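Asks: Everything below, folded, please.
(one chain, ligands or ions: 1)
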Amino acid sequence: MAKTKEFQTESKKLLDLMVNSIYTHKDIFLRELISNASDAIDKRHHYSLTEDEVPSADEYEIFIEADKENRTLTISDNGIGLTEKGLIEELGTIAESGSKAFLEKLEKKDLDIIGQFGVGFYSAFMVAKEVVFRTRSPFSKTGYEWRSAGEATYTIEEIDKEEIGTEIVLHLREDDEENEEHYSEYLEEHTIRNLVKKYSDYIRYPIKTEVEKTRKKDEKDEDSEIETYYEIETLNSMIPIWKKPKSEIEDEELNDFYKRQYNDFEDPLKVIHTNVEGRITYTALLFIPKKPPYDFYTDKFEKGLQLYSKGVFIEDKNKELVPEHFRFLRGLVDSADLSLNISREMLQHNRQLKKIAAHLEKKVKNELEKMLENDREAYVEFYEAYGTNLKYGIYDQFGAHKEKLQDLIMFKTSKSDDYITLKEYVERMGEDQKAIYYATGKNKHQIMNRPQMDTLKEKDYEVLFFTDDVDEFMVQILNEYDEKPFKSIQQGESDLLDDEQKDALKEKEKEHEKLLKTLKKNLKDKVKDVRLSGRLKESPVCLVSGEGLSLEMEKVLKQMPNQSGMQAEKILEINPDHELFQALASVHESDKKRVKDYANLLYNQALLIEGYPIENPREVSDLMVKLMVEATKSSK
Ligand code: ADP
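Replies: Residues are numbered from 1 along each chain as shown. Okay, the predicted model is just below:
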């Protein structure tokens, strides 16, 4: 008796999408079923090595059978099969995160991405009106048949099935001439052959089918009648793509492999394929995805490369093979030098693996440098996706990797809307310029309008834009490049004054000592110091911080979960040549109260110009109103 069961809600959604799919690449269903079959064989093989109940098969194979009369396409394997419980859990629910992610994307109506996710078994419903899944697991005494028409329910019943493995029968949909959907095609030998070649050529087990052939009835007789006969043929080469000679692999093949294997819907930005022979022998096939995955910049993201030994899969995400700063790499390493029986723990300390990792890091770095030099456009695309990660790499481990990475980072600048490297910055620096200047801010507009830019504009010095939170933290570690120190235009004393200017400034400070003291007293809970500025031209005031923690870094630290409570030292700088200061100097002796209001306003003005929030907007607004009224009165 068949039991009827209901699909889990999410499964229903996915099924519904498959059944009503308007996606044009329906033919991916075959690669999905073949890939499941191959996984099932892998599992059986693995179990057979350790579990007595699981016998190995004489020859592992996947078989495709087309029955034109009954319009069925059957894909069978002698893999591990499924128990009754397995059928319910594996086919009735979606546990797999790829499918879930796919569903989420789809809710955003991005239909183009179907099939590039590992949507798996359910894709069969894109071409079949009914799917029958007959299976026998070595862990159960009988076989089971699962059956569904892709609606809300499925049935399961016990069946007789001798051999361990699975047989999936697809009852193909009727052709729909109007919409040009020709499901009968999938019953044609050439279609099957092409699909296997295109998507599943590298599968390590033979994918067989019975093919129709012709021959002369009598070999020796020239005029002999031709007869038709059938022969079983293996359709796939079984050579993993990375084992083929490079000259024989088309870019498109690599791109397809990447998309299928790593669930991306876009071609990779860069493919790095390398064969190394010598004291250590391995093949690596690495990809840089166009876009980082959504969780790339969180601690949920897991880096790692697949590890194979002589084409046999060992581990899915080997972390040892990729350093943090290149964690964006996807792909695989296949090395004959690694033993198959090696345990995960052993792998971690494996010397061979460490050597491979070191090679790969160098190789990737070289490839990136080449890209930077020869294909700037691609590098910029890469950098916009992963630049932040490189900068974290510099910051990480107290700068252990900074030498390797410092030539890979880029910035936009006050003189360039395109990214430039540090090397390029230094190369075009004038003789008189001693430091590499940078400014932090949200964007170009904000930075260019910073009062501290005045003198740099005047001197025609280029200023790097630090718009990424990590930038300033990174620069603390970097410290210098090509023996040139980094210097924030918003921190510490300005280093742009010559001796004469310095003396003049000192002179003025002396002259206005009292006023500065009064201002400082009035602002003592807001800033650490009030001083005259040598860096302002147009603006009356600006805020700078002391050396060490900057105002921007303070902001970043405050957003962190375990904030340290560290604070930047704020210093208010006043432009001694500005009219406002001169006015202030003239009233200061006569009107103490007004000076207090002015101090407060100046401070808030500095906050405003720098793009920091005003601490007490109401108070500031009241003050402004008061001063405006007074000014009007006195001008009457
Ligand atoms: P995925 O393969 O990504 O896990 P699928 O929807 O393709 O998702 O398959 C769901 C599950 O069904 C698989 O994880 C596997 O446990 C089981 N399955 C599918 N096809 C087979 C098969 N041919 N033999 C054994 N188990 C299978």
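Asks: From here on, just use CA atoms for contacts and neighbour counts.
Replies: OK.
Asks: Could you say which helix or strand holds the residue of the stretch 151-300 of the chain found nearest the ligand?
Replies: Of all residues in the stretch 151-300 of the chain, the one sitting closest to the ligand is Thr166 (5.3 Å; Cα to the nearest ligand atom). Using DSSP states H and E, Thr166 maps to strand 165-172.
Asks: Equivalent analysis for Val333, please.
Replies: Per DSSP H and E: strand 330-335 holds Val333.
Asks: And that strand, how far out from the chain middle?
Replies: 18 Å (Cα atoms, centre = their mean, to the nearest Å).
Asks: circling back to that earlier point, what's the closest non-adjacent residue to the residue of the stretch 151-300 of the chain closest to the ligand?
Replies: Distances taken as Cα to Cα, 6 or more residues apart in numbering put Thr135 closest to Thr166, at 4.2 Å, once the chain neighbours are dropped.
Asks: Next up, the contacts around the one you found.
Replies: With contacts defined as Cα atoms under 8 Å, 6 or more residues apart in numbering, Thr135 is in contact with 81-83, 143-145, 161, 164-167.
Asks: helix/strand/coil for it?
Replies: strand (DSSP: H, G, I helix; E, B strand; the rest coil).
Asks: Enumerate the beta-bridge partners assigned to it.
Replies: Tyr144, Thr166 (DSSP bridges).
Asks: Make 38 the starting number, not 1.
Replies: New numbering, starting at 38: the last item is Thr172.
Asks: count of neighbours near Glu88?
Replies: 10 (other Cα atoms under 10 Å).
Asks: wouldn't Met408 be in contact with Glu418 here?
Replies: No. Counting by Cα atoms under 8 Å, Met408 sits too far from Glu418 to count as a contact (10.7 Å).
Asks: These two: which is more packed in?
Replies: Legend: neighbour count by other Cα under 10 Å for Met408 and Glu418, higher for Met408 (17 against 14).
Asks: which secondary structure elements does the helix or strand hosting that one contact?
Replies: Taking DSSP H and E as the criterion, Met408 maps to helix 388-411. Counting contacts by 3 or more Cα pairs under 8 Å, 6 or more residues apart in numbering; DSSP states H and E, helix 388-411 is packed against helix 413-432.
Asks: got a list of contacts for the helix or strand following the helix it packs on?
Replies: Per DSSP H and E, the first helix or strand lying C-terminal to helix 413-432 is helix 439-442. By Cα under 8 Å, 6+ apart, the residues outside helix 439-442 that reach it are 402, 427-428, 430-432, 515.
Asks: quick check: mean pLDDT across helix 439-442?
Replies: What helix 439-442 shows for mean pLDDT is 96.
Asks: How far does it sit from its chain's centre?
Replies: Its chain's average C-alpha position is 21 Å from that of helix 439-442, according to Cα atoms, centre = their mean.
Asks: For the very next helix or strand once past that helix, list every residue counted as buried.
Replies: The element immediately downstream of helix 439-442 (helix or strand, assigned by DSSP H and E) is strand 447-450. Within strand 447-450, the residues that count as buried by 16 or more other Cα atoms under 10 Å are 447-450.
Asks: Turn these into a markdown table, including distance to Phe503 and pLDDT.
Replies: A markdown table is the format used below for the buried residues of strand 447-450 (distance: Cα to Cα, whole Å; pLDDT from 0 to 100):
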| residue | distance to Phe503 | pLDDT |
| --- | --- | --- |
| Met447 | 10 | 98 |
| Phe448 | 7 | 98 |
| Lys449 | 8 | 98 |
| Thr450 | 9 | 98 |
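Asks: Give me the packing partners of the strand holding Thr203, helices and strands only.
Replies: Against strand 202-209 (3+ Cα pairs under 8 Å, 6+ apart) you get strand 109-114, strand 165-173.
Asks: Spell out, range by range, the strands that occur in the stretch 88-237 of the chain.
Replies: 99-104, 109-114, 165-173, 180-185, 190-196, 202-209 (DSSP state E, counting those that start in this stretch).
Asks: and what of the stretch 538-673 of the chain?
Replies: 566-569, 578-582, 607-611.
Asks: Return the most buried member of those strands.
Replies: strand 578-582 (a mean of 26; mean count of other Cα atoms under 10 Å).
Asks: relative orientation of that one and strand 607-611 in degrees?
Replies: Here the directions of strand 578-582 and strand 607-611 differ by 150 degrees (axes from the mean of the first three to the mean of the last three Cα atoms, to 10 degrees).
Asks: Outside of strand 578-582 itself, list whatever touches it.
Replies: 488-489, 527-529, 573, 588, 605-612, 639-640, 642-644, 646-647.
Asks: Tell me which residues touch Thr492, please.
Replies: Contacts of Thr492 (Cα under 8 Å, 6+ apart): 533, 572-574.
Asks: and those, which are buried?
Replies: Counted by 16+ other Cα under 10 Å, those give 533, 572-574 as buried.
Asks: Mind checking which of the contacts of strand 578-582 are in helices?
Replies: 588, 639-640, 642-644, 646-647 (DSSP state H).
Asks: So which of those reach the ligand?
Replies: Among those, not one lies near the ligand by Cα under 6 Å from any ligand atom.
Asks: Need the max-distance pair from those residues.
Replies: For the ones in helices among the contacts of strand 578-582, the farthest-apart pair by Cα to Cα is Leu588 and Leu639; their separation is 17.8 Å.
Asks: Could you double-check that Phe162 lies in contact with Val56?
Replies: Yes. Look at Phe162 against Val56 with Cα under 8 Å: they come within range, at 5.4 Å.
Asks: Overlap in contacts, the two.
Replies: Gly187.
Asks: domains for the chain, by residue range?
Replies: Split into domains by automatic domain parsing, the chain comes to 40-271, 278-421.
Asks: Need the distance between the two termini of the last one.
Replies: End-to-end distance of domain 278-421 (Cα to Cα, to the nearest Å): 30 Å.
Asks: same question, the longest one
Replies: Using Cα to Cα, the end-to-end distance of domain 40-271 comes out at 38 Å.
Asks: Now do it, average pLDDT.
Replies: Domain 40-271 comes out at a mean pLDDT of 87.
Asks: Which residues does the helix holding Met408 contact?
Replies: 309, 317, 319, 357-360, 363, 374-375, 384, 415-417, 441, 445.
Asks: Let's see if you can find the most crowded of those residues.
Replies: Leu358 (27 neighbours).
Asks: What does the pLDDT read for the closest residue to it other than its chain neighbours?
Replies: Nearest residue to Leu358 in three dimensions, chain neighbours excluded: Ala394, at 4.5 Å (Cα to Cα, 6+ apart). On pLDDT, Ala394 comes in at 95.
Asks: Give the burial count for Ala394, as a bare number.
Replies: What Ala394 shows, counting by other Cα under 10 Å, is a neighbour count of 18.
Asks: likewise the one 10 residues further on?
Replies: Using other Cα under 10 Å, Glu404 has 15 other residues around it.
Asks: do Lys561 as well
Replies: 12.
Asks: thinking again about what came up before, in contact with the residue of the stretch 188-337 of the chain closest to the ligand, which residues are there?
Replies: With Cα under 8 Å, 6+ apart, Thr203 has these contacts: 74, 113-119, 170-173.
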